[in-house]
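>>> Sequence first, then the predicted structure, then my questions.
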Amino acid sequence: MTTSHLPAHHYLNDGYGIRSWLLTRDHKRIALLYLAGVTFFFFIGGAFAVLMRLELATPAGDLVSDETYNKLFTMHGVIMVFFFLIPAIPAVLGNFLIPIMVGARDLAFPKVNLASWYIYMLGGLFTLYALFSGGVDTGWTFYTPFSTVSSTTNVIPTALGIFITGFSSILTGLNFIVTIHRMRAPGLTWSRLPLFLWSMYATSLINVLGTPVLAITLLLIAAERAFHFGFFDPALGGDPVLFQHLFWFYSHPAVYVMVLPAMGVVSELVAAGCRKPVFGYTFVAIASLSIAILGFLVWGHHMFVAGESVYAALIFSILSYLVAIPSAIKVFNWTATMYRGAVSWETPMLYAYGFIGLFTIGGLTGLFLAAVGLNVHVTDTYFIIAHFHYIMVGGTIMAYLGGLHFWWPKISGRLYNEWLARLSAGIIFAGFNLTFFPQFVLGYLGMPRRYHAYPPEFQVLNVLSSAGASILGIGYLIPIAYLMWSLRYGRAASANPWGAVGLEWSTTSPPPTENFAETPTVTWKPYDYEHAVSAPEGHVA
Amino acid sequence: MWVFLATEVLFFGGMFLTYSIYRHAYPSAFIAASREMIVWAGTINTAVLITSSLTVVLAVHAAAAGQRRALLLFLMITILLGFVFLGIKGYEYWTEFGEHHFPGRSFQFDARYAPQAEIFFSLYFMMTGLHAVHMIIGIGIMAVMFWLSWRGTITREYSSPIEISGLYWHFVDIVWIFLFPLLYLVGRHVH
Amino acid sequence: MSTEHAISKRSYYTVFFVLLVCTYLTWQIAYFDLGPLNTVVALAIAIFKAALVVLFFMHVRTSPRLTWVVVVASLFWLGILLVLTASDYLTRHWI
């Protein structure tokens, strides 16, 4: 085992002081700015979840009032969806890796990239102000006419805050699309792109095409509330379901914005962890695009009970079944990659396996929900909550953590403590399942969501869920500790501690500001492990 | 810029969706409300915007040919036409406020159609309002282009900023091309 | 992006003139009762005008294929929004 040293010049020591960070154009530094931002919002959103689970540990509504509880779940949803899940993998891992993976010096529009971060932070702080100076109680879904007429809370500032942050997604998506189209290194054809880039490209398409509809929807809510327009108010001739059409047209593809990057990360982790090319590369790449496109056709499945016509419901139901197909293809392909691969048990891989299992469960329950008949029974119950948390937390967050650990040596030049990391992965996995599996049962038994009190017969399952939540919370805190510790005291990482194949592993850890000493030329297939020169060097601290 | 314009298509598209749903639902109210629109203002504004698109494209042509004076002239005319548009729009808004057509507490309309006509006017103010905001941004962009051209940053070799700004301007024109018949000309034939 | 677009100034003036004529037509036709065709004709003229602006003023006619893809994709996505939502509203009273 050779000892490594940090390179003399890299992007982290290329300029010190707050100005060099806040005025940077280096995509790698911007990625770290985003890392700070999303982590901050994650813990605020998590704090609201803690309060909710504390309340739900007992059947009576004794910890907080019902109105306060409404604000808690709204704030939890708004922060987690718009300020953590949507930006996390694209803005942190995407920003850091895309230019390196295409062999470029930076993204196509570095200044726009920095502007995206400022817009994100501005929108986030705006929304936080709105949330903390009175809160919002409409649910993150802002259903009308409650949000536009009856609610007495800070709807307009929250809506405007999210509106502002939406531009961050749009500009980042635009940046990624142009970068992947125009800045690939010589020899890097589309069929040689790492699957992470295919996923990021598909995600960026969704961001560009879907977010504007959210933008207009939020403006319409704000205008309706401010000027008493009547678009969504039945008393004035409006239709609340129209709001839901507009809202879910974005918000359903939004969940694919959350999961596609995670899938891209998992593809990378599985290939590296099994030292094999991903099985069926072309299928996985096309599946990413299919998910992005089909994801725009299914939004009506959120409205089966809202009053849309039965015929429209039929159409949306069939389309919802179709969108599961490319996701399933990916799961099969990852599994096939692992077959006869040199499967490793290092932390990133643990997260990847966790993703595959939990995403499958979440996805399968999604199929239950695509069936209109069953959907009517479990809509607005904890079944739905369990379904989407399996995908967003069991899926996206685990992939995010896996990616963070996998690329941590590249990003920081340091190795983290592997045993602590594996321990946290285990705690997170156990805590997660304990929190959310009981919720499937609760939902099926009929416990409604967004209620702060419930009948006593549901208490046991709720207590299990709350206990799980505390374990999950601890599991999330431990990586903060050892990752921060590794920045100062961790062993220096080599350029390729995992022995993985990919352009990012051919440059130093951490990379220099310009990413590569000279522009690489790509002549190999993606995940060309047969011809990979280096073996894993081992990195257990 | 094309990718950004794609986002704008969907942004305005959401409003056009809302418009079409309600027009389908409340045809008579929409006819009654549309008849209150100031047709000459809308028609002249359409002509103004189309002319400004011409001047924009002539500016782009001049930039690519290195003709600085023509470029500056056409950019200036474009900006002026933009202000003419906003001026006429402002006059319309002022008149409509006076007639209590702005939705909300002070809205007044023929009782037969009142609540649904209010939706028409909500759409009208929202859509033309957003359009006007985009026009103001467009004028700002053209002003920046004027300044860059004045300074000599724009040359025959480097004329793409003019072209890209032009794309934005044309898009805003296209939105108006659709707004005009949908807002001003509904049921004009009904007596 | 500063490609040479081979569209002559004469073409620009021609398109401009056609656009003005179409505007006049839209305005005048609105006063004739064509029944449901009024909306169809108005939209058709608007689409024609928009197409002229896109193809000639925005140079899409002489642009690379990727530009066409972006334009078509944005219109297609708008179509998804309109068509699928309409599928709800138009079938609400079928049952």
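Sure thing, it's come through.
>>> Give me the buried positions along the longest helix seen in chain C.
Taking DSSP state H as the criterion, chain C has its longest helix at helix C:65-90. If you call a residue buried by 16 or more other Cβ atoms under 10 Å in any protein chain shown, then helix C:65-90 has these buried ones: C:67, C:70-71, C:73-74, C:77-78, C:80-82, C:84-89. Backbone N, C-alpha and C define where each C-beta goes, glycine included.
>>> restrict the residues you listed to contacts with chain B.
C:T67, C:V70, C:V71, C:A73, C:S74, C:W77, C:L78, C:L81, C:L82, C:T85, C:A86, C:Y89 (Cβ under 8 Å from any Cβ of the partner chain).
>>> for the longest helix of chain C, packing partners?
Of the remaining helices and strands, those touching helix C:65-90 by 3 or more Cβ pairs under 8 Å, 6 or more residues apart in numbering or on different chains; DSSP states H and E are helix A:195-227, helix A:240-274, helix A:310-338, helix B:2-25.
>>> So which other helices or strands are in contact with the second one?
Using 3+ Cβ pairs under 8 Å, 6+ apart as the contact criterion, the neighbours of helix A:240-274 among helices and strands are helix A:195-227, helix A:281-294, helix A:310-338, helix A:347-370, helix A:382-391, helix A:398-412, helix B:2-25, helix C:65-90.
>>> Now mean pLDDT and distance to A:R105 too, for those helices, in JSON lines please.
Shown next, in JSON lines, are the helices and strands packed on helix A:240-274 (pLDDT from 0 to 100; distance: least, Cβ to Cβ, whole Å):
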{"stretch": "helix A:195-227", "mean pLDDT": "93", "distance to A:R105": "16"}
{"stretch": "helix A:281-294", "mean pLDDT": "94", "distance to A:R105": "25"}
{"stretch": "helix A:310-338", "mean pLDDT": "93", "distance to A:R105": "31"}
{"stretch": "helix A:347-370", "mean pLDDT": "94", "distance to A:R105": "27"}
{"stretch": "helix A:382-391", "mean pLDDT": "95", "distance to A:R105": "35"}
{"stretch": "helix A:398-412", "mean pLDDT": "94", "distance to A:R105": "16"}
{"stretch": "helix B:2-25", "mean pLDDT": "91", "distance to A:R105": "21"}
{"stretch": "helix C:65-90", "mean pLDDT": "90", "distance to A:R105": "22"}
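>>> could I get those as a markdown table with distance to B:Q116?
Formatted as a markdown table, the entries for these read as follows, by distance: least, Cβ to Cβ, whole Å:
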| stretch | distance to B:Q116 |
| --- | --- |
| helix A:195-227 | 15 |
| helix A:281-294 | 36 |
| helix A:310-338 | 23 |
| helix A:347-370 | 36 |
| helix A:382-391 | 35 |
| helix A:398-412 | 48 |
| helix B:2-25 | 8 |
| helix C:65-90 | 15 |
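>>> can you tell which of those helices is closest to A:P526?
helix A:281-294 (6.4 Å; Cβ to Cβ).
>>> List the buried residues for that closest one?
For helix A:281-294, burial by neighbour count (16+ other Cβ under 10 Å) applies to A:Y281, A:F283, A:V284, A:A285, A:A287, A:S288, A:L289, A:S290, A:I291, A:A292, A:I293, A:L294.
>>> one step back: determine which of the helices and strands packed on helix A:240-274 approaches A:R488 most closely.
Of all the helices and strands packed on helix A:240-274, the one in closest proximity to A:R488, counting by Cβ to Cβ, is helix A:398-412 (10.1 Å).
>>> counting contacts, what elements does the helix or strand just after the closest one pack onto?
Toward the C-terminus, helix A:398-412 is succeeded by helix A:418-445 as the next helix or strand (DSSP states H and E). Applying 3+ Cβ pairs under 8 Å, 6+ apart, we find helix A:418-445 packed against helix A:347-370, helix A:382-391, helix A:398-412, helix A:459-489.
>>> Could you list the low-confidence segments of the chain?
Let's take chain A. Counting by pLDDT under 70, the low-confidence segments of chain A come to A:1-3, A:531-541.
>>> um, chain C though
Where chain C drops into low confidence, which here means pLDDT under 70, it does so at C:1-6, C:95.
>>> let's see 90
Low-confidence regions of chain C, defined by pLDDT under 90, span residues C:1-11, C:27-42, C:57, C:59-66, C:84-95.
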